[in-house]
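**Q** what shape does this take:
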Amino acid sequence: MEIRPTTDQDHDVFVDTLHAAFGLFQEPPNEGGGVWWSAWEMDRGLLATTDEGRPVGTAGAYSFELTLPGETIVPAAGVTAVGVVPSHRRQGVLTALMRHQLAELRTRGEFLSVLLASEALIYRRFGYGPATYTQRLKVPRPRAALARPRAQQTAGAAATGSIEVLRRAECGEILEEVYDRYRRAQPGALSRPHRWWTLGAGRPPVSRAPRFVAVHRDADGVPDGYASYAIAGRETLNVDEVIATDDAVFTALAGFALGHDLVGEVAFRHVPPGHPLRWQLADFRAGQVAEDTDWLWVRLLDVPRALTARGWSAEGELVLDVDDRFLGEYGRYLLTVKGGEAECVTTDREPDLTLDISDLGSVYLGGTTPSTLVRAGHIRAHRPGAAELADALFHSERAPHCLHWF
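**A** Numbers count the residues shown, from 1 in each chain. Predicted coordinates:
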């Protein structure tokens, strides 16, 4: 077997091989000419072939930016298009592709990679850990009224402005600009490069599939939020995503969707766990979690660089024993956090925590507490109070959330 990098000339065979791996036929272009794979970066692709030259496996990556706690923005490889044709599964093809890809990412100088896992059992063994989570929230339309806030609102807390309903084709630039402002302040969010919007790559509203878009404008007429939606069978109003620069705008857009006539229910596809929307309903039980799942998985390729890149909201020292079994690497690191910044160096001090590289990926964005993984038997705490200190250090003041699909 050979694993080789791809070029633009390999595009068609790459597409065909991935579709065969998943047992799919290629979809026709959506309205406007876009397809979900049109933004692939073929200079970042890998193709596994047999000795006879038959393609049997693929792996690719996008060039994204990832927002970390502290609103630090760093480059991250978005791993995608990973598949092995059924005739060659369980023969080491996937393992070889993933090992080759991680080596290539390091050669490029990248220290973080992320992915969306098609199956939860696959990617932990390659060092990835679930780091953000999302929920699908359904609300029956007859029980969708919002409650009147009981607390006195602070100045500027109530949304002012207006909502305008546009079609997807009319507001592409607004969507791109509002999303970009949102993702720069949201830990766990990924960039959506301009070419994605231009090509209509991905899922709605990046895709050009027909959608209505409720655009919220502030008191000066500047767009500061949107909700992309469509009605399925005149029964369910499906909200692809609500993007807002603050909670008040989110509430205004959610209230708009919940007040839509002639539908039986409203389904929000991406709501962060712990979001206040359920509490804002007059009938708390009306908000039904239809799906609660992992979303973004994170892998650290350079532990010191990754830990010093993000912001921190507490201070202290931790010694971390980190085991990267897939790459056959082990490191013991002294993490020192002071003034919102960290230093991370190798050390021979006794460890406070022992953890797998996938566990470090899970806690990295602050969406999973180290103490949870201690209680689950994944992380080992070597002294009392170590897990609690780790919780305080890795905590993110704003919970991480990602809704970009790739």
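
**Q** now the helices for the protein?
**A** Remark: helices assigned in the chain by DSSP state H are 11-21, 93-107, 172-185, 194-199, 247-258, 277-280, 303-309, 357-363, 370-375, 386-394.

**Q** how far off helix 247-258 does the third one point, in degrees?
**A** Per axes from the mean of the first three to the mean of the last three C-alpha atoms, to 10 degrees, the angle that helix 172-185 makes with helix 247-258 is 130 degrees.

**Q** outline the domain layout of this protein.
**A** Domain ranges of the chain: 2-110, 134-292, 303-394, per automatic domain parsing.

**Q** so which of those gets nearest residue 124?
**A** Residue 124 lies closest to domain 303-394 among the domains of the chain, at 4.8 Å (C-beta to C-beta). (Each C-beta comes from the backbone N, C-alpha and C, glycine too.)

**Q** how far does that closest one sit from its chain's centre?
**A** How far domain 303-394 lies from its chain's middle: 21 Å, per C-alpha atoms, centre = their mean, to the nearest Å.

**Q** what is the end-to-end distance of that domain?
**A** 14 Å (C-alpha to C-alpha, to the nearest Å).

**Q** can you give me the mean pLDDT across that domain?
**A** Taken as a whole, domain 303-394 has a mean pLDDT of 98.

**Q** can you add distance to residue 131 and mean neighbour count and give the helices of the chain back as TSV?
**A** Putting those into TSV (distance: least, C-beta to C-beta, whole Å; neighbours: other C-beta atoms under 10 Å) gives the following:
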stretch	distance to residue 131	mean neighbour count
helix 11-21	25	18
helix 93-107	17	18
helix 172-185	16	17
helix 194-199	22	16
helix 247-258	22	21
helix 277-280	22	17
helix 303-309	12	20
helix 357-363	5	26
helix 370-375	12	19
helix 386-394	11	20
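
**Q** before we move on, back to that, adding distance to residue 402, write the domains of the chain out as JSON lines.
**A** JSON lines is the format used below for those (distance: least, C-beta to C-beta, whole Å):
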{"stretch": "domain 2-110", "distance to residue 402": "9"}
{"stretch": "domain 134-292", "distance to residue 402": "5"}
{"stretch": "domain 303-394", "distance to residue 402": "9"}
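
**Q** ok, which of those domains comes nearest residue 404?
**A** domain 134-292 (4.5 Å).

**Q** so how far is the closest one from its chain's centroid?
**A** That offset, for domain 134-292, works out to 17 Å (C-alpha atoms, centre = their mean).

**Q** contacts for stretch 85-104?
**A** Residues outside stretch 85-104 that contact it (C-beta atoms under 8 Å, 6 or more residues apart in numbering): 1, 3, 5, 17, 20-21, 23, 46, 48, 50, 55-59, 61, 79, 82, 84, 113, 122, 126-127, 299, 301, 326-327.

**Q** just to revisit the earlier point, tabulate the helices of the chain (CSV), appending distance to residue 289.
**A** Output for these, formatted as CSV (distance: least, C-beta to C-beta, whole Å):
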stretch, distance to residue 289
helix 11-21, 32
helix 93-107, 32
helix 172-185, 23
helix 194-199, 29
helix 247-258, 15
helix 277-280, 8
helix 303-309, 32
helix 357-363, 21
helix 370-375, 19
helix 386-394, 25
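
**Q** looking at these, spot the one closest to residue 160.
**A** helix 247-258 (8.4 Å).

**Q** that concludes my questions; thank you for your assistance.
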